[in-house]
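1. using only what follows, build the 3D model:
(one chain, ligands or ions: 1)
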Amino acid sequence: MSDGLTLLSENKCFGGTQQRYSHYSKYLNSEAIFSVFMPPVSTPTVGVVLWLSGLTCNDQNFVTKAGAQRVAAELGLIIVCPDTSPRGEGVANDEAYDLGQGAGFYVDATERPWSDHFKMFSYINIELIDIIKERFSDGKKVAISGHSMGGHGALISALKATEHYISVSAFAPIVNPVACPWGQKALAAYLGENEEAWREYDACELLNMRSAAFTLPILIDQGASDEFLDTQCLTKPIESASNLGLIDIRYQNGYDHSYFFVSSFIEDHLRFHAEHLSAM
Ligand SMILES: N[C@@H](CCC(=O)N[C@@H](CS)C(=O)NCC(=O)O)C(=O)O
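-> Next up is the predicted model:
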């Protein structure tokens, strides 16, 4: 394609198309992959949901496990799912599942060896958002959502790049990474030991630092039987953060951290975003 995107695959799905693209990313300084669901051409498009996945994921986890396409087709929602990190032979990595390639953490690294490629915050909120608006959505508005560390990525994107988004939602988000093992490990690696820099990428800290209420509508679902609920700062700390505006936090009895939980409530999230996108 002349715009630098290469179509890797395309499958008809609920009258729309599930597509997968690769492109060179200047922020990631490497090839990058993302998936796009386009609703049926006969359905008026209301906007875009940008989805961020969590640790151990790529662009395919949501596409193949969340079961979002049927409702997205009905509502006229485009869904864009980026990979969760830069990848490739020349890209830094770590043997652990919670650091490096595939460990979705949406910050701009300043520390070597990560800083050559790990600029996921700018990739999502500058480069990919531009591609979405120019190539897929005809300038239509964007909502953002995600799961776990991707749920946190959605929250900090909405908090730090508010101008791009209409609404934000998350499943089991790591809302306070400065205070939990997954977050502390990744923030120290990507940003160094200065904890002041960490606070700039922490949803609770960003809310507490604000001088006014955050006005984008927020929906959060959290499984009450999530195995990480008490250890990885899932959801609870945001309940006491300052400057929250319109927020709906729901604890869902019996649900764990998996994509079975995501698939059970994704319809509510898509309807929530479609309502806000269509009100614009
Ligand atoms: N230690 C766990 C943690 C990883 C994990 O639970 N990842 C979540 C996001 S934090 C996930 O969505 N995994 C991929 C999937 O279920 O498809 C594992 O490796 O299975």
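2. most centrally placed residue in the chain?
-> The central residue of the chain, meaning the one whose C-alpha is nearest the mean C-alpha position (CA atoms, centre = their mean), is Leu52 at 2.4 Å.
3. could you pull out the helices for this protein?
-> With DSSP state H as the criterion, the chain has helices at 60-65, 69-75, 120-122, 129-131, 149-160, 181-191, 195-199, 203-209, 259-278.
4. looking at these, which is buried most?
-> Each of those was given a mean neighbour count from mean count of other CB atoms under 10 Å, and the largest, a mean of 27, is that of helix 149-160. (Glycine included, C-beta is placed from N, CA and C.)
5. so which elements touch that helix?
-> Helices and strands in packing contact with helix 149-160 are listed as strand 47-52, helix 120-122, strand 142-147, strand 165-171, helix 203-209, strand 218-223; criterion 3 or more CB pairs under 8 Å, 6 or more residues apart in numbering; DSSP states H and E.
6. quick one: closest of the ones you listed to Ala241.
-> Each of these was checked against Ala241 via CB to CB, and the shortest separation belongs to helix 203-209, namely 4.0 Å.
7. follow-up on the earlier one: and the helices and strands packed on helix 149-160: which comes nearest the ligand?
-> strand 142-147 (5.8 Å; CB to the nearest ligand atom).
8. and the residue of the chain most remote from its centre, how far is that from Gly15?
-> With CA atoms, centre = their mean as the measure, the chain has its most outlying C-alpha, relative to the mean C-alpha position, at Ser42: 27.8 Å. For Ser42, the distance to Gly15 (CB to CB, to the nearest Å) stands at 7 Å.
9. with distance to the ligand and mean pLDDT added, can I get the helices and strands packed on helix 149-160 in TSV?
-> Shown next, in TSV, are the helices and strands packed on helix 149-160 (distance: least, CB to the nearest ligand atom, whole Å; pLDDT from 0 to 100):
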stretch	distance to the ligand	mean pLDDT
strand 47-52	11	98
helix 120-122	15	98
strand 142-147	6	98
strand 165-171	9	98
helix 203-209	16	96
strand 218-223	12	98
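10. is Ile78 bridged to anything, and to what?
-> With DSSP bridges applied, the residues forming beta bridges to Ile78 are Val48.
11. which one of the helices of the chain lies nearest to Gly47?
-> Nearest to Gly47 among the helices of the chain is helix 259-278; the distance by CB to CB comes to 3.4 Å.
12. what's the angle from that closest one to strand 142-147?
-> 170 degrees (axes from the mean of the first three to the mean of the last three CA atoms, to 10 degrees).
13. look up how far the ligand lies from the residue farthest from the centre of the chain.
-> When distance is defined by CB to the nearest ligand atom, to the nearest Å, Ser42 is 32 Å away from the ligand.
14. now swap in His164 and tell me
-> With distances taken as CB to the nearest ligand atom, His164 is found 24 Å from the ligand.
15. what does Ile156 give?
-> As for Ile156, its distance to the ligand is 16 Å (criterion: CB to the nearest ligand atom).
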